[in-house]
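# sequence and predicted structure are below.
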Amino acid sequence: MASIEKVCEFSGEYPGYMMYNYKKNLIQIMPRLRVHFRNKYHILFWFDVPTRNQYDFCLYVPKAQGEVDGFYWNYSFDKTTTKRKLKRMLRAYKGLNIKHIPMNMETWKKLDKKNEDLLEYL
């Protein structure tokens, strides 16, 4: 794993190899910082077409900017587990705000899209 994948996207801290376990089916933040995401407005952008058997997603939390301006990117092999963990972390008891993107991440990058372009799908 590259060292950029071991940096907390919220605080910029470097927990090292432990980050792999922290971010599995979740976003790349340290467990003690997850309280900053509770009960916050959020949108989960889910790319419906898998890339190399994995699903890409972006969690947008405007009130929890962190080091990445509120756009937290990751991928998952298990959609159900990811949604369950994000729902628990966000305390979204009524459900997640999910917007489906009808393409995969590679197509998104080829179109030269930026993070802010996701907000077009609202």
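Alright, I've got the coordinates.
# CA only for contacts and neighbour counts going forward, please
OK.
# now do the closest residue to residue 96 other than its chain neighbours against residue 111, distance only.
Nearest residue to residue 96, sequence neighbours excluded (Cα to Cα, 6 or more residues apart in numbering): residue 87, at 6.2 Å. Taking Cα to Cα, to the nearest Å as the measure, residue 87 falls 30 Å from residue 111.
# out of these two, which sits in the more crowded spot?
More crowded of residue 87 and residue 111, by other Cα atoms under 10 Å: residue 87, with 17 against 9.
# looks like residue 105 contacts residue 51 (just checking).
Yes - with contact defined as Cα atoms under 8 Å, residue 105 reaches residue 51; the gap is 7.0 Å.
# tell me where this protein has helices.
Assigned by DSSP state H, the helices in the chain fall at 19-23, 79-90, 105-110.
# which residues does the longest one contact?
Spelled out, that is helix 79-90. Helix 79-90 is touched from outside by 25-26, 34-35, 37-40, 55, 76, 93, 95-96, with contacts defined as Cα atoms under 8 Å, 6 or more residues apart in numbering.
# now do stretch 33-47
By Cα under 8 Å, 6+ apart, stretch 33-47 touches 10, 55-64, 89-92, 96-105, 118.
# point out where this structure drops to low pLDDT.
Residue ranges of the chain with pLDDT under 70: 1-5.
# tell me where it has strands.
Remark: strands assigned in the chain by DSSP state E are 43-47, 55-60, 71-76, 98-101.
# ok so, going back, how about the helices of the chain in TSV, adding distance to residue 68?
Shown next, in TSV, are these (distance: least, Cα to Cα, whole Å):
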stretch	distance to residue 68
helix 19-23	15
helix 79-90	18
helix 105-110	17
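# before we move on, back to that, so which of the contacts of helix 79-90 is the closest to residue 19?
Nearest to residue 19 out of those is residue 26 (Cα to Cα; 10.8 Å).
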